[in-house]
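Student: Sequence plus the predicted model coming up.
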Amino acid sequence: MTTAEETAPLVVAGLLEWRAWLEDLAERFAALAPPSHSTEATADPWHWERACTRLVTVVADRTQAESGWYGHREQVLGWFLAYNGVEEKQASEIAEGAIGGRFGSWIAPDATQVDAVSSKFARARRDRMTFAPDHPKDALAD
């Protein structure tokens, strides 16, 4: 940060990059979401495992697995759960619990780690599923 004239374009570029990332995630969330109102989707962990695998991988790629990348990965998984109607606090707990300190800074995850986390994520989502009030997917909890 130097003068306003030099700093402003950098801030704008950073905000545009962040917006593009959020738009990319929104598209991914829509594509990875299980079928709406499907009892099969709540029982079958496949949708959730696949989503976790893809989201962990894309966050590692996007951040180049640099310092603290795993924190953003946990955030993205929480957002995905919230997008699918899981209460925010519970979404955060599920995402954090699935990760369990398995990833570190400057180390890209290997397939075995991602598979283990994805399986744990899907099981935790199934076992702790509570949808946010008035969410369209409330019918799945019945």
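Tutor: Looks like it came in fine. Numbers count the residues shown, from 1 in each chain.
Student: alpha carbons only for contacts and neighbour counts from here, please
Tutor: Fine.
Student: Roughly how far does the spatially most central residue of the chain sit from Thr112?
Tutor: By Cα atoms, centre = their mean, the chain has its centre lying nearest to Leu77, at 2.0 Å. In this view, Leu77 and Thr112 are 18 Å apart by Cα to Cα, to the nearest Å.
Student: Any idea which helix or strand in this protein has the lowest mean pLDDT?
Tutor: Every helix and strand of the chain was ranked by mean pLDDT, DSSP states H and E. The lowest is helix 39-43, at a mean of 52.
Student: Which positions within the helix or strand just after it qualify as buried?
Tutor: Counting by DSSP states H and E, the next helix or strand C-terminal to helix 39-43 is helix 46-63. Under the neighbour-count criterion of 16 or more other Cα atoms under 10 Å, helix 46-63 has 47-57, 59-60, 63 buried.
Student: Stretch 18-33 too?
Tutor: For stretch 18-33, by 16+ other Cα under 10 Å, it's Leu25, Arg28, Phe29, Leu32, Ala33.
Student: can you check stretch 115-122 too?
Tutor: Quick answer for stretch 115-122 (16+ other Cα under 10 Å): Asp115, Val117, Ser118, Ser119, Lys120, Phe121, Ala122.
Student: Just confirm the last one is within a helix.
Tutor: Pointing back at Ala122 there. Yes - assignment of Ala122 by DSSP: H, G, I helix; E, B strand; the rest coil places it within a helix.
Student: What's the separation between it and Ala20?
Tutor: Ala122 is 27 Å from Ala20, by Cα to Cα.
Student: for the buried residues of helix 46-63, which one is nearest Val12?
Tutor: Thr63 (19.3 Å; Cα to Cα).
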